[in-house]
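Student: Here's a sequence, model it:
(2 chains)
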Amino acid sequence: METKKPNRKIIIGAAALVIAIAAFLVIFNVFREKPVAGSKAITLEVFNQENQTSEYQVQTDAEFLRQAMEEAKGFTFDGEEGDYGFTLYTINGETHNWNVDGSYWSIYVNGEYGQYGIDSQPVKDGDVYRFEYTPPYTGE
Amino acid sequence: MEKKSKNCKITVRDIALIGVMTAVIVVCKEILSFLPNIELVSFWIIMFTLFFRWRILFVVPVFVLIEGCLYGMGPWWIMYLYAWPLLALLAFLNRRQESVWFWSILSAFFGLFFGLLCALPYAIVGTIDNGIRGGLYAGFTWWVAGIRFDVVHCIGNFVVMLVLYRPVRDAMRRISQK
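Tutor: As a prediction, this is how the structure comes out:
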């Protein structure tokens, strides 16, 4: 049987939950990476399975990386739309699909491991985006 | 919810139960994997802790090991080593609670803080590479990037527990009485 005391605790718990959700959303809106409007000069780097690096200079008004990638001359990519956003599988004809063999394309932003997919990664002037072939995990 | 056993030996029935519980968790996780952060793992770990008590000590490690074998033991996997045992511990500490609202709120909190728990390995790796400030930045940015998914996780866990707690609890009681 539930008494009045636990009910009060549950109301307090529910209120704390709502406050926590609100606080998290405020933190998200304040600290998330925000897109920058206007012209930006960025660099796309591709480090493929053969350890070859290719570089693309892009002048773009794109707010997010995906659009800037679409504008890059000589740079092609493909992937799949999903619930978490666009998943990148192919760059310049080279496919790495984690679901098939465990390999994938890592995205580094100015040398740091990227926290966003290409359609939510904000573009800033001077940024360097590196797409690096990452081999399947073997435990070594 | 279960009578104390007279000795500490693991019986064949216990081993079978542990296997079935692990299978239920893994299958439910795979079936719902197409939905972002909507999962039944939290629900089952809570329910199994409440009804099968110490057996969860075997279920969670086996589940974590299977996930590591299925998806590779990357940084995300390290988080599995402490997040799921933490949920089982929370469920065990509150095992006398009967309120569906209590369990829904607890499960929702776990979903909401899941991303924060996940950020710890990234903060530690960042600290090793770039010092404490770099580590805190790495963990914080990783957590912030996923907050929307944590809120979905929170709401999903709340609804799942609210809908399933009573029917599953009653079914488990009937089974354990046989």
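
Student: what's near enough to touch A:Ala14?
Tutor: Contacts here follow C-beta atoms under 8 Å, 6 or more residues apart in numbering or on different chains; on that basis A:Ala14 touches B:101, B:105. Every residue, glycine included, has its C-beta placed from N, CA and C.

Student: Check for me that it belongs to a helix.
Tutor: Yes: assessed by DSSP: H, G, I helix; E, B strand; the rest coil, A:Ala14 belongs to a helix.

Student: near chain B, which residues of chain A show up?
Tutor: A:2, A:6, A:9-10, A:13-14, A:17, A:20-21, A:24-25, A:27-28, A:31-33, A:83-84, A:102, A:112, A:115-116, A:136-137, A:139 (C-beta under 8 Å from any C-beta of the partner chain).

Student: Which of these fall within helices?
Tutor: Among the residues of chain A next to chain B, the residues falling in helices (DSSP state H) are A:6, A:9-10, A:13-14, A:17, A:20-21, A:24-25, A:27-28, A:31.

Student: Which of these has the largest number of neighbours?
Tutor: The most crowded member of these, judged by other C-beta atoms under 10 Å in any protein chain shown, is A:Phe24 (21 neighbours).

Student: Show the pLDDT at the nearest residue to it once chain neighbours are set aside.
Tutor: Spatial nearest neighbour of A:Phe24, excluding adjacent residues (C-beta to C-beta, 6 or more residues apart in numbering or on different chains): B:Ile147 at 5.2 Å. Note for B:Ile147: predicted pLDDT of 94.

Student: Around B:Ile147, count how many other residues there are.
Tutor: Neighbour tally, B:Ile147, other C-beta under 10 Å: 21.

Student: And it, its phi and psi?
Tutor: Backbone torsions for B:Ile147, taken as degrees, to the nearest 10, come to phi -60, psi -40.

Student: which parts of stretch B:102-121 are buried?
Tutor: B:102-121 (16 or more other C-beta atoms under 10 Å in any protein chain shown).

Student: of these, list those near chain A.
Tutor: B:102, B:105-106, B:108-109, B:112.

Student: with those in mind, which one is nearest to chain A?
Tutor: For those, the minimum distance to chain A (C-beta to the nearest C-beta) is 4.5 Å, reached by B:Ile105.

Student: contacting residues around the closest residue in space to that closest one that isn't next to it in sequence?
Tutor: With sequence-adjacent residues excluded and distances taken as C-beta to C-beta, 6+ apart, B:Ile105 is closest to A:Gly13, at 4.5 Å. By C-beta under 8 Å, 6+ apart, the contact list for A:Gly13 reads B:101-102, B:105-106.

Student: what about A:Ile42, which helix or strand?
Tutor: In the assignment (DSSP states H and E), A:Ile42 maps to strand A:40-47.

Student: which sections of chain A are below the confidence cut-off?
Tutor: In the predicted model, chain A carries pLDDT under 70 at residues A:1-6, A:37, A:138-140.

Student: Please tell me how far the most centrally placed residue in it sits from B:Leu136.
Tutor: For chain A, A:Tyr116 is the residue whose C-alpha lies nearest the centre (C-alpha atoms, centre = their mean; 1.6 Å). For A:Tyr116, the distance to B:Leu136 (C-beta to C-beta, to the nearest Å) stands at 19 Å.

Student: Quick check on residue 35: phi, psi?
Tutor: In the absence of a named chain, chain A is used. Dihedral angles for A:Pro35 - degrees, to the nearest 10 - are phi -70, psi 150.

Student: wrong one, I was asking about chain B
Tutor: Dihedral angles (degrees, to the nearest 10) for B:Leu35: phi -100, psi 120.
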